[in-house]
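S.K.: model the structure of this input:
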Amino acid sequence: MQILHVQFVLFIITLLDNAVHQAVTAAVDGAVDANYVLDVADNSFGCTTYVRLARKAGLDKTLFNGKGPFTLFAPSNDAFTPDFLAQLESNSTLLNDVIRFHAIDGVIVTVKDIHKNDYLYPSCLANVSVRTNFYIEGTKVGVYMASGAFLTNGDYKADNGIVHYVINPMYPIPDTNIAKYIETNHTFSILCDVIKSAGMIGPDLFRVLEGGNYTLFAPTNEAFQDMQPGELKKLLSNHTLCWHTILRHMMNGTYYSEGVFDDQPELSSEGTYLHFKHDYQTDDSWQVEGIPVIEGNLSKTNGVLHVVHHLIPEPSMIKNKGCQN
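M.R.: Numbers count the residues shown, from 1 in each chain. Have a look, this model is predicted:
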């Protein structure tokens, strides 16, 4: 995690520099023109794409010119890939929603406040909250995140709020819980059968995955179909085996890819260790227990979901932590 070590040190230095710079500027300039959150995003962080899109949606005049206060998570220009940008440019509703979701309404949230892990703040998009997370690698590195977006700079003050800089977008927008997402997606139909079987000996895991704060490594149908002949039928007929299989793919709390570390195992809801490995040098891919994550960081209203095409093998049991109630 050499890269994260350097980023964290630079992050702290930058925060101190920001405070000094803004204090000196205020003292020298005295009264100045209004400096709103979009102005800070543009002039201090160079988030020209986000600002342009906000103006295209008319939100510079109908939202961000208000007194707020707003906490804006301004995405870097690189956060807008060509495909993502094309989606936004061609869909005015999606554009409006994405721009609004990157701002917290009525609350100033500083970097220090993000130490409240799995805390939900109301965004400017109605009925959708921004989730903040703070992860620590040992005692060395702190990683700050907002709905899956990696915060690398922040606490820039504006006349109507505060601005943080994130290097990836807060997307997809969490519009449903984990349980509903897998129930309505045919890719996970066998997973749903396993969850139903597990519920025969314990709490209904669909109900569990409707609330709380959870991470689910969701095996696709392909993952179950890759089992040895007869093994899937054996699994579905064994409620205890189904129970342990599901809990092994769950974690209590919300863990995005940047919140798990190569040298730091985390507990599954089963009470077993999960080990992770990232490839930061090439394509930023990552694995859990040697299983590649095919699609990760899918934010949900009660946590995050990562898609895997293989089942996580049974590791050594260390203690029965169980799932949250």
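S.K.: can we go C-alpha only for contacts and neighbour counts from here?
M.R.: Noted.
S.K.: residue 289 versus the residue nearest the centre of the chain, what's the distance?
M.R.: By Cα atoms, centre = their mean, the chain has its centre lying nearest to residue 148, at 2.2 Å. According to Cα to Cα, to the nearest Å, residue 148 and residue 289 sit 21 Å apart.
S.K.: kindly report the same for residue 144.
M.R.: With Cα to Cα as the criterion, residue 144 and residue 289 are 24 Å apart.
S.K.: name the residue in those two with the higher neighbour count.
M.R.: The residue with more neighbours, out of residue 144 and residue 289, is residue 144; 25 against 16, by other Cα atoms under 10 Å.
S.K.: what helix or strand is the more buried one located in?
M.R.: strand 141-146 (DSSP states H and E).
S.K.: angle of the next helix-or-strand element following that strand against strand 141-146?
M.R.: Heading C-terminal from strand 141-146, the first helix or strand you meet, by DSSP H and E, is strand 149-158. Put simply, strand 149-158 runs at 80 degrees to strand 141-146, going by axes from the mean of the first three to the mean of the last three Cα atoms, to 10 degrees.
S.K.: what is the mean pLDDT for strand 149-158?
M.R.: The average of the pLDDT scores along strand 149-158 is 97.
S.K.: that strand: how far from the chain's middle?
M.R.: 16 Å (Cα atoms, centre = their mean, to the nearest Å).
S.K.: what angle do strand 141-146 and the following helix or strand past that strand make with each other?
M.R.: Counting by DSSP H and E, the next helix or strand C-terminal to strand 149-158 is strand 161-166. Comparing the axes of strand 161-166 and strand 141-146 via the same axes, to 10 degrees yields an angle of 120 degrees.
S.K.: and strand 161-166, what's buried?
M.R.: For strand 161-166, the neighbour count (16 or more other Cα atoms under 10 Å) marks 161-166 as buried.
S.K.: who's in contact with the residue nearest to the centre of the chain?
M.R.: 169-171, 256, 297, 299 (Cα atoms under 8 Å, 6 or more residues apart in numbering).
S.K.: and residue 36, by the same measure?
M.R.: 64-65, 158-161.
S.K.: now these in JSON lines, with distance to residue 269?
M.R.: Formatted as JSON lines, those follow (distance: Cα to Cα, whole Å):
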{"residue": "64", "distance to residue 269": "41"}
{"residue": "65", "distance to residue 269": "45"}
{"residue": "158", "distance to residue 269": "42"}
{"residue": "159", "distance to residue 269": "44"}
{"residue": "160", "distance to residue 269": "42"}
{"residue": "161", "distance to residue 269": "38"}
